[in-house]
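# What follows is a predicted structure for the sequence shown.
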Amino acid sequence: MYGMFAASLTTRRRLNTSRTCITSMANTLSVRVSQEVADRLVALSKSIDRTKTYIVQKALEEYLEEYEDYLVAVHRLNDKDDAIISERQLAGKLAK
């Protein structure tokens, strides 16, 4: 059985003046997760006093950053024109 919840992923832009605060909301994303994941999310949400949306937003941000870094590393590893140098060579270049 799958639990389902909607997470409103929020990107905020703020324009602050003494009288104005404008916040722009982003998209809503619906996902299906196992009942176990849904239960864990609810339990974590209650234990840290944060919304499920907050937790999912932070988890997705972290995952995307890590995965984007991974893709850059794979691209550089496969780039035949990108020279691979040793740690000693790198230390020498940084010392200059």
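Noted; the coordinates are in hand. Residues are numbered from 1 along each chain as shown.
# Phi first, then psi, for I84.
When read as degrees, to the nearest 10, the backbone of I84 gives phi -100, psi 130.
# check contacts around it.
With contact set as C-beta atoms under 8 Å, 6 or more residues apart in numbering, I84 has no partners. Bear in mind the C-beta positions are built from the backbone N, C-alpha and C, glycine included.
# which stretches of the chain have low pLDDT?
1-25 (pLDDT under 70).
# how about a cut-off of 80?
1-26 (pLDDT under 80).
# what's the most centrally placed residue in the chain in contact with, if anything?
Centroid-nearest residue in the chain, with C-alpha atoms, centre = their mean: E61, separated by 1.2 Å. If you count contacts by C-beta under 8 Å, 6+ apart, E61 has none.
# Buried residues, the helix or strand that contains it. List them.
In the assignment (DSSP states H and E), E61 maps to helix 52-78. Neighbour counts over helix 52-78 (16 or more other C-beta atoms under 10 Å) mark 52-53, 55-57 as buried.
# Including distance to V72, could those go into CSV?
Output for the buried residues of helix 52-78, formatted as CSV (distance: C-beta to C-beta, whole Å):
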residue, distance to V72
K52, 31
T53, 29
I55, 26
V56, 25
Q57, 23
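# for these, which one is nearest L90?
Of all these, Q57 has the smallest distance to L90: 36.2 Å, by C-beta to C-beta.
# V33 - that's part of a strand, no?
Yes - with DSSP: H, G, I helix; E, B strand; the rest coil as the criterion, V33 is part of a strand.
# Test my guess that it contacts L41.
Yes - in terms of C-beta atoms under 8 Å, V33 counts as a neighbour of L41; the distance is 7.5 Å.
# Look at those two and report which has more neighbours.
L41 (18 against 15; other C-beta atoms under 10 Å).
# how about the nearest residue to the more buried one, chain neighbours excluded?
If the residues on either side of it in the chain are set aside, L41 comes closest to K52, at 5.4 Å by C-beta to C-beta, 6 or more residues apart in numbering.
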